[in-house]
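>>> Build me a structure from this.
(chains A and B)
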Protein chains: 2
Amino acid sequence: MTVEEKLDDKGMLRRQLMIGGGVMAAGAAITHFGGFLNSAGAVGCTFENWPWPYEKLDPAKTAEICYNEWYRVFCGSAVINSIFGQLNEKIGEPYKSFPADAFVYLEGGHVGWGTICGSPAGASLVVNCIVGPRISGNPAAHHMTEDILQWYSEASMPVFTPAKPRIAGELVKTTSQSPLCHVSVGKWMKAANKPIGSPERKDRCARVAASTAYKVVELLNAWKDGKYEGKSTHAPVKDYGITAQMNCMECHAGNVPTPPMAKK
Amino acid sequence: MTVEEKLDDKGMLRRQLMIGGGVMAAGAAITHFGGFLNSAGAVGCTFENWPWPYEKLDPAKTAEICYNEWYRVFCGSAVINSIFGQLNEKIGEPYKSFPADAFVYLEGGHVGWGTICGSPAGASLVVNCIVGPRISGNPAAHHMTEDILQWYSEASMPVFTPAKPRIAGELVKTTSQSPLCHVSVGKWMKAANKPIGSPERKDRCARVAASTAYKVVELLNAWKDGKYEGKSTHAPVKDYGITAQMNCMECHAGNVPTPPMAKK
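Prediction:
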């Protein structure tokens, strides 16, 4: 199954998900892999124990942890640690050995290059580790990743305000229409008239990370209850013939190129 | 230390690196953390054993593995598996338990959204896990991540041709001037006049992943020998006042916005 075929078959995969749900998927994975196994893959052994054990978390508590973690490890690792840290305390492995702090490099959209914001990038890692990748037979994490990117792009950010913020009160809110750090932080900086190094910009990004961790816990809790269903409507390869966001004009202005298309 | 302060202090950090190198950094980490520990972090336990044990790999062999893995797990997981899979066979943990296949979602620049290409995204994960994040006190992985993004953007891709390619011979080569999947694959599709679903485009992406895995092994081998030195010249926060690529005009055309800047 290729990514294109998968994206074209979205409707079918969603139906699988609606039949399966979180609890069913867990049972199927245990039956299939016989518990904690590192089965032989194409190269060496690859970890194939999906899904990871999950206990429902409190979204607001998770967001508070994430907010404070941002000031230690920045957006990507903050989202990961706020969820995996609690699950390590409740469950232990495989969370205990996961190198969450390694993902500091997600800061600034990958070491400052402004690509995908570290918050949805860290969130994607969390849901795909817990639920398992689509190649494990359950498309739920793939749909959750799509949902996270679309929610991030459409939300008035930051959504979450911590109980004891370092910058008092509400901050300016903006809608990025993009999962890219450069676009998200750039639109906020323009609206707030604050430079990248300002305390307000930093606290805005800490709150964006916290908002994302909150959203991820809501998605995972719904999945745990067997009630998760993908909502994303963006199918770029099918709709545009290329991997893409949905708002071509924002970068291409009046001159959107047409990619080579398959013959009908 | 914030990302901005870090980026402003790049010269200082590079000097630290040149004194330390891979072997010195390894010794320092063992002294500091006393071997394999999961020390208590801000939330739960966080894995802090940096660097991971590393044995030098053969770049060409790694690239061949990666090329074939692409057809199983796509760009991000292919790069990770091609390196971690071999290290699992040579060393075992922590590679054995690493959920490399979870990163299938990096495909198509994050589930098809065209953000960062999964090849440099997977490569960043590999070097930051092995060498350790900059917050562990060694900036080498941060610089390697910068080097990977810049190399990817400037290389005539695909660099690597496998011994037994699924598509015979050389493919069209293009230079992305960006680490974004959308830009990288879009420029190639235009030059090759091949649609996203074509066997040629798929094989191009498999070769890009293989080219990236080859580059990562070269960087890690140099680091292991104590000879790695960061080469990236892109300092977006310092130079542009925002997280960014270096070619503003490609998306902004003649109208590059000026971000709010700190008062001098």
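>>> Near chain B, which residues of the stretch 151-264 of chain A? Just list them.
Proximity of the stretch 151-264 of chain A to chain B (CB under 8 Å from any CB of the partner chain) is limited to residues A:179-182, A:185-186, A:189-190, A:192-198, A:202, A:234-237, A:241-245, A:251, A:253, A:257, A:259-262. C-beta: built from backbone N, CA, C; applies to glycine.
>>> In helices, which of these appear?
When DSSP state H is applied, those are split such that A:181, A:182, A:185, A:186, A:189, A:190, A:192, A:202, A:236, A:237, A:251 fall in helices.
>>> With adjacent residues omitted, what lies nearest to the third one?
Nearest-residue entry for residue A:185: residue B:243, 6.2 Å, with adjacent residues in sequence omitted and distances by CB to CB, 6 or more residues apart in numbering or on different chains.
>>> Also the last one?
Nearest in space to residue A:251, with sequence neighbours left out and distances taken as CB to CB, 6+ apart, is residue B:251 at 4.1 Å.
>>> if we can go back for a sec, what is the burial count for the residue nearest to residue A:185?
Neighbour count of residue B:243, defined by other CB atoms under 10 Å in any protein chain shown: 28.
>>> Correct me if wrong: it contacts residue B:236.
Yes: the criterion here is CB atoms under 8 Å, and residue B:243 meets it with residue B:236 at 5.7 Å.
>>> any common contacting residues for those two?
Residues touching both residue B:243 and residue B:236 (CB atoms under 8 Å, 6 or more residues apart in numbering or on different chains) are A:108, A:112, A:113, A:114.
>>> Keep only those residues that also lie close to chain B.
Applying CB under 8 Å from any CB to the shared contacts of residue B:243 and residue B:236, those adjacent to chain B are A:108, A:112, A:113, A:114.
>>> Which among the residues you listed count as buried?
By neighbour count, with 16 or more other CB atoms under 10 Å in any protein chain shown, these hold A:108, A:112, A:113, A:114 as buried.
>>> out of the residues you listed, who's nearest residue A:163?
Closest to residue A:163 out of these is residue A:108 (26.7 Å), distances taken as CB to CB.
>>> hmm, back to that, can I have the buried ones of the residues of the stretch 151-264 of chain A next to chain B as a ChimeraX selection?
Here is the ChimeraX command that picks out the buried ones among those, judged by 16+ other CB under 10 Å:
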select /A:179,180,181,182,185,186,189,192,194,195,196,197,198,202,234,236,237,241,242,243,244,245,251,259,260
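>>> what's the burial count for residue A:250?
Residue A:250, neighbours per other CB under 10 Å, totals 12.
>>> How about the contacts made by it?
A:177, A:178, A:183.
>>> please redo it, this time with the cut-off set to 7 Å
residue A:177 (CB atoms under 7 Å, 6 or more residues apart in numbering or on different chains).
>>> Quick one: list the elements packing against the helix or strand where residue A:145 lies.
Using DSSP states H and E, residue A:145 sits in helix A:140-154. For helix A:140-154, the elements it packs on are helix A:10-33, helix A:118-131, helix A:199-224, judged by 3 or more CB pairs under 7 Å, 6 or more residues apart in numbering or on different chains; DSSP states H and E.
>>> Compute the inter-axis angle for it and helix A:181-192.
Counting by axes from the mean of the first three to the mean of the last three CA atoms, to 10 degrees, helix A:140-154 points 30 degrees away from the direction of helix A:181-192.
>>> residues of helix A:140-154 that come out buried?
So helix A:140-154, judged by 16+ other CB under 10 Å, has buried residues A:140-153.
>>> thinking residue A:177 is in contact with residue A:155, fair?
No: in this structure, residue A:177 is not within contact of residue A:155 by CB atoms under 7 Å, at 10.4 Å.
>>> In terms of pLDDT, where does the residue of the stretch 51-200 of chain A found nearest chain B sit?
When scored by CB to the nearest CB, the stretch 51-200 of chain A has residue A:85 as its residue closest to chain B, at 3.3 Å. At residue A:85, the model reports a pLDDT of 96.
>>> Now pLDDT, distance to residue B:51 and secondary structure too, for the buried ones among the ones next to chain B among the shared contacts of residue B:243 and residue B:236, in TSV please.
Putting those into TSV (pLDDT from 0 to 100; distance: CB to CB, whole Å; DSSP: H, G, I helix; E, B strand; the rest coil) gives the following:
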residue	pLDDT	distance to residue B:51	secondary structure
A:108	98	23	coil
A:112	97	22	coil
A:113	98	23	coil
A:114	97	28	coil
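>>> Distance to residue B:171 for those residues - can I get that in a markdown table?
Listed next are those as a markdown table, based on distance: CB to CB, whole Å:
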| residue | distance to residue B:171 |
| --- | --- |
| A:108 | 33 |
| A:112 | 31 |
| A:113 | 26 |
| A:114 | 29 |
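>>> Looking at those, which is nearest residue B:169?
residue A:113 (33.1 Å).
>>> For that closest one, which non-adjacent residue is closest in space?
Leaving aside its sequence neighbours, residue A:113 sits nearest to residue B:149 (CB to CB, 6+ apart; 5.5 Å).
>>> Check the burial of residue A:92 by counting its neighbours.
Residue neighbour count, defined by other CB under 10 Å, stands at 13 for residue A:92.
>>> Now do the SS call for it.
State at residue A:92, reduced to three classes by DSSP: H, G, I helix; E, B strand; the rest coil: coil.
>>> Quick check: phi and psi on it?
Note on residue A:92: backbone dihedrals following degrees, to the nearest 10 are phi 100, psi -130.
>>> and stretch A:56-66, anywhere near chain B?
Yes: Stretch A:56-66 is in contact with chain B by CB under 7 Å from any CB of the partner chain, via residue A:65.
>>> Give me the mean pLDDT for that stretch.
pLDDT averaged over stretch A:56-66 gives 98.
>>> again, but for stretch A:173-188
Mean predicted lDDT for stretch A:173-188 stands at 97.
>>> Look at that stretch and report the distance between its end residues.
With CA to CA, to the nearest Å as the measure, the first residue of stretch A:173-188 is 7 Å from its last.
>>> and what of stretch A:245-263?
23 Å.
>>> Distance from the host helix or strand of residue A:72 to the middle of the chain?
Using DSSP H and E, the secondary-structure element containing residue A:72 is helix A:59-90. Helix A:59-90 sits 14 Å away from the centroid of its parent chain (CA atoms, centre = their mean, to the nearest Å).
>>> list the helices and strands that helix packs on?
Going by 3+ CB pairs under 7 Å, 6+ apart, helix A:59-90 lies up against helix A:118-131, helix A:199-224.
>>> can those helices go into a markdown table with extra columns for distance to residue A:70 and mean pLDDT?
Converted to a markdown table, those look like this (distance: least, CB to CB, whole Å; pLDDT from 0 to 100):
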| stretch | distance to residue A:70 | mean pLDDT |
| --- | --- | --- |
| helix A:118-131 | 9 | 98 |
| helix A:199-224 | 4 | 98 |
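>>> looking at those, which is buried most?
Counting by mean count of other CB atoms under 10 Å in any protein chain shown, helix A:118-131 has the highest mean neighbour count of these, with a mean of 29.
>>> any idea how far residue A:120 is from residue A:193?
Distance of residue A:193 to residue A:120, computed by CB to CB, to the nearest Å: 25 Å.
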